[in-house]
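1. I would like the atomic coordinates for the input below:
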Amino acid sequence: MQRYEQEYWDKNLSIIGLDEVGRGCVAGPMVVAGVIFPINYENSKIKDSKKLTAKQREELFEIIKKDALEVVYAFMSEEEIFNLNPKKASKTGMERCLELIKTKIDLVITDFEKIETKIEQINLVKGDQKSISIAAASIVAKVVRDQYMDNLSSKHPEFGWDRNKGYLTKEHLKAIFVYGITDFHRKNFEPIKSILSTKNNGIN
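-> The predicted model follows:
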């Protein structure tokens, strides 16, 4: 894993990496996470969560929690995503993570998004492929959100959320037409928005 942080670690700067998971889902929350590693931390297995298997992510999640100086995460609810829009919800989640941390940091590195903070920040395009801190945050956010969707699936097994995690698969779409729309679906995302505009349906 490329360590974008090294230049700043060489200056003895404490860094937090921030990333989100679930922006494109039609059901469930968005989860934003932040990870602060010790200066000069190394782990070649940590990489963008999308390039790892579920088992690898879960194993690394435990390692990250053990090795990091601090790990934080925040949930952005379906209602907040509706009210703010996905991009703003992502930024707000990152800002919440900064409010949660207890470790003093000198630099914030985000996966592309510029956020409101007085701390110096760098917004990296494809940051989860360049920064070990962002990659670790993506793993934390993914595992936390997947666990949430697995639990949610026990309440609504018909949607297959333990498998699709709230993304719009054929299985998920078919279930929406058969069983209706839940409070966990994002009302401003297609095809939910169109379905609601033509049909007044829903289940609790």
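
2. In three-state terms, label Ala141 for me.
-> What DSSP: H, G, I helix; E, B strand; the rest coil gives for Ala141 is helix.

3. do the same with Thr117
-> From three-state DSSP, the assignment for Thr117 is coil.

4. isn't it right up against Glu99?
-> No: using Cβ atoms under 8 Å, Thr117 makes no contact with Glu99, being 9.8 Å away. Glycine gets a C-beta too; all of them are placed from N, C-alpha and C.

5. between these two, who's got more neighbours?
-> Thr117 (14 against 9; other Cβ atoms under 10 Å).

6. Can you report phi and psi for that one?
-> Here is the backbone geometry of Thr117 (degrees, to the nearest 10): phi -160, psi 150.

7. Check the one 5 residues further on too.
-> With angles defined as degrees, to the nearest 10, Ile122 shows backbone torsions of phi -130, psi 130.

8. what's around it, how many residues?
-> 15.

9. give the contact list for it.
-> 107-110 (Cβ atoms under 8 Å, 6 or more residues apart in numbering).

10. And for Gly166?
-> Here Gly166 is in contact with 22, 25-28, 149, 172, 184 (Cβ under 8 Å, 6+ apart).

11. nearest to Ala136, of those?
-> Gly22 (17.1 Å; Cβ to Cβ).

12. which phi and psi does that closest one have?
-> Torsion angles, degrees, to the nearest 10, at Gly22: phi 100, psi 10.

13. For it, which non-adjacent residue is spatially closest?
-> Counting by Cβ to Cβ, 6 or more residues apart in numbering, Gly22 lies nearest to Met30, which is 4.4 Å off, once chain neighbours are set aside.

14. doesn't Asp19 make contact with that neighbour?
-> No: with contact defined as Cβ under 8 Å, Met30 does not count as touching Asp19 (11.0 Å).
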